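1. Give me a model of this one.
(one chain, ligands or ions: 1)
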Amino acid sequence: MNRSEELRQEIYERVGEFYRTAHSPETFVPGETLIHYAGRVYDERELIALVDASLDFWLTMGKNGAAFEETFAEYLGVSHVVMVNSGSSANLAAVATLCSPQIERPLRPGDEVITPAATFPTTVAPLVQNGLVPVFVDCEPGTYNADPGEVESAVSDRTRAILLPHMLGNSARMDRLLEIAEQHALYVVEDACEAMGSRFDGQMLGTFGHISTFSFYPSHHITTGEGGALATDDDVLARVARSIRDWGRDCWCDHRTQGRNGACGRRFSYEVPGLPTTYDHKYLYSNIGYNLRPTDLQAALGLVQMEKFPQFVEARKRNYNALYSGLSAFEEYLILPTSDPRAEVCWFAFPITVRDNPKFTRNDLVQWLEKARIETRFLMAGNITRQPGFSGIRHRTAGDLAHTDAVMRGAFLVGLYPGLDPQRLDYVLQQFEAFFDRIG
Ligand SMILES: Cc1ncc(COP(=O)(O)O)c(C=O)c1O
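-> Numbering: from 1, shown residues only. Here you go, the predicted structure:
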């Protein structure tokens, strides 16, 4: 071992000690300790991975980025993963990819994309940003996902794609939705930002559509801090998505060849129709791109989280079951989550809709829980067409969005992430019981 390797080992040991000293798990004090709706689950290994990547000082996407893309592709069983700096960036790059003239039948400004109105803002924003017209459909009560019947009746001769967020990790009814897509030759984008680890009919979500997206924000199933990814089996879509992530450049030299410019061997002999001379391929731009690249530190963190992911899935399922069985006593007042019998859901959080009733409102219940130090969140944007930033966008609405309005009026979620142990979950259930005892 040379001196710098010895120093690294010493640093790792000190970081481990620091973790055990400064980040040791909080002791739970009922009514005092905040019960988060979601959060990072980590130990000294994540801290060491981050420090290790900073000692490398590569900074931008490098060997860890490449390894993360490979690991994530292997986990999903897809040919290509493109890591980006957030789930929102993944959605932006996915939609921009479908608009690139480099793909077959690209989407054009004014084309329609069907998507549910119960959604996350940056699922819809890329449609607007790319001049496409969102066509909003209603969700199903309890699954919170696009109703396939509504999707089918929303199709027009301008419809070119369906963009499907799998809300809270619950699987949309992929068989029916894919049939509709095939019948009308529609592109399918799965927003699996909340749905890592979920399956439909045994198949992993994020592997059904032409392209899919993931988020690694700290509240999601694994975290890289900020971070996200696109996944696809299509070679052309992958290359375009990578170009859009990387400033729009045409060069596809593998970044694993760090520092080795021109791995294609044609860097200075690349001929472009219309250009009088060859041009450095690294500086050829074939798409209107962005810089959506993550750092190598984020990827280093993601690699450790991927190793822990199977345990995270088990914990989320266990916590979901505990909350479901405890809350089923209150179904008179609460709509509990439901899913297609073929869905195997790795829930993002536990969604609840308060039924319209004369005794209490959602806010009464939410405030009761918050006062008891139990964090709650509403279901993302509710009905996106009612959000101030979206009310003026060009769009079409199919149907009356009645279930989506019910979500905006009555839905909220509590946490089930792996950081919640049985003691905390019991406390959450006790607080629900206390609320219902009080209202009688
Ligand atoms: C369904 C959905 N899509 C997209 C995103 C955006 O991901 P990010 O926060 O990483 O930008 C989120 C984030 O929570 C989400 O829930």
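2. Enumerate every residue touching the nearest residue to Tyr324 once chain neighbours are set aside.
-> Spatially, and ignoring its direct neighbours in sequence, Tyr324 is nearest to Leu336 (6.3 Å; CB to CB, 6 or more residues apart in numbering). Just so you know, the C-beta spots here come from the backbone N, C-alpha and C atoms, and that holds for glycine as well. Taking CB atoms under 8 Å, 6 or more residues apart in numbering, we find Leu336 in contact with 142, 324, 327-328, 352.
3. Give me the pLDDT for Leu336.
-> In the prediction, the pLDDT value recorded for Leu336 is 98.
4. and if you look at Tyr37?
-> pLDDT, read off for Tyr37, is 98.
5. Does the ligand have contacts with stretch 412-426?
-> No: if you take CB under 6 Å from any ligand atom as the test, stretch 412-426 misses the ligand, and the best it gets is 11.3 Å.
6. same question, stretch 139-156
-> No: no part of stretch 139-156 sits near the ligand under the criterion CB under 6 Å from any ligand atom; the closest distance found is 10.7 Å.
7. ok, the residue nearest to Tyr324 to the ligand distance?
-> Counting by CB to the nearest ligand atom, to the nearest Å, the gap from Leu336 to the ligand is 20 Å.
8. Among the contacts of Leu336, name the buried ones.
-> Neighbour-count burial (16 or more other CB atoms under 10 Å) applied to those gives 142, 327, 352.
9. my read: Thr213 touches Cys193, true?
-> Yes: between Thr213 and Cys193 a contact is recorded at 5.9 Å, counting by CB atoms under 8 Å.
10. Same drill for the two, tell me which one is more crowded.
-> Thr213 (34 against 29; other CB atoms under 10 Å).
11. Is that one in a helix, a strand, or coil?
-> Assigned with DSSP: H, G, I helix; E, B strand; the rest coil, Thr213 falls in the strand class.
12. tell me the centre residue of the chain?
-> Cys193 (1.2 Å; CA atoms, centre = their mean).
13. before we move on, the earlier item: which of the contacts of Leu336 fall in strands?
-> Among these, DSSP state E puts Ile352 in strands.
14. who are the neighbours in contact with Tyr12?
-> Contacts of Tyr12 (CB under 8 Å, 6+ apart): 48, 51-52.
15. So which of those wins on neighbours?
-> Ile48 leads those on contacts (other CB under 10 Å) with 21 neighbours.
16. Give me the pLDDT value at the closest residue to the ligand within the chain.
-> Nearest to the ligand, among the residues of the chain, is Gly87, at 2.5 Å (CB to the nearest ligand atom). Looking at Gly87, its pLDDT stands at 98.
17. What separation do you get for it and Thr123?
-> From Gly87 over to Thr123 the distance is 9 Å, taken as CB to CB, to the nearest Å.
18. Give the residues shared as contacts by those two.
-> In contact with both Gly87 and Thr123: 191, 193, using CB under 8 Å, 6+ apart.
19. Next, the distance between the ends of stretch 332-346.
-> 26 Å (CA to CA, to the nearest Å).
20. Give me the buried positions along that stretch.
-> Those would be 333-335, 337, 339-340, 343-346, for stretch 332-346 by 16+ other CB under 10 Å.
21. and Glu10, backbone torsions?
-> Per-residue torsions, Glu10: phi -60, psi -40 (degrees, to the nearest 10).
22. Next, find the distance separating it from Ile48.
-> 12 Å.
23. so is the residue nearest to the centre of the chain in a helix, a strand, or just coil?
-> On the three-state scheme (three-state DSSP), Cys193 is labelled coil.
24. Which residues are in contact with it?
-> 87, 90-91, 120, 123, 165, 213-215, 220, 228.
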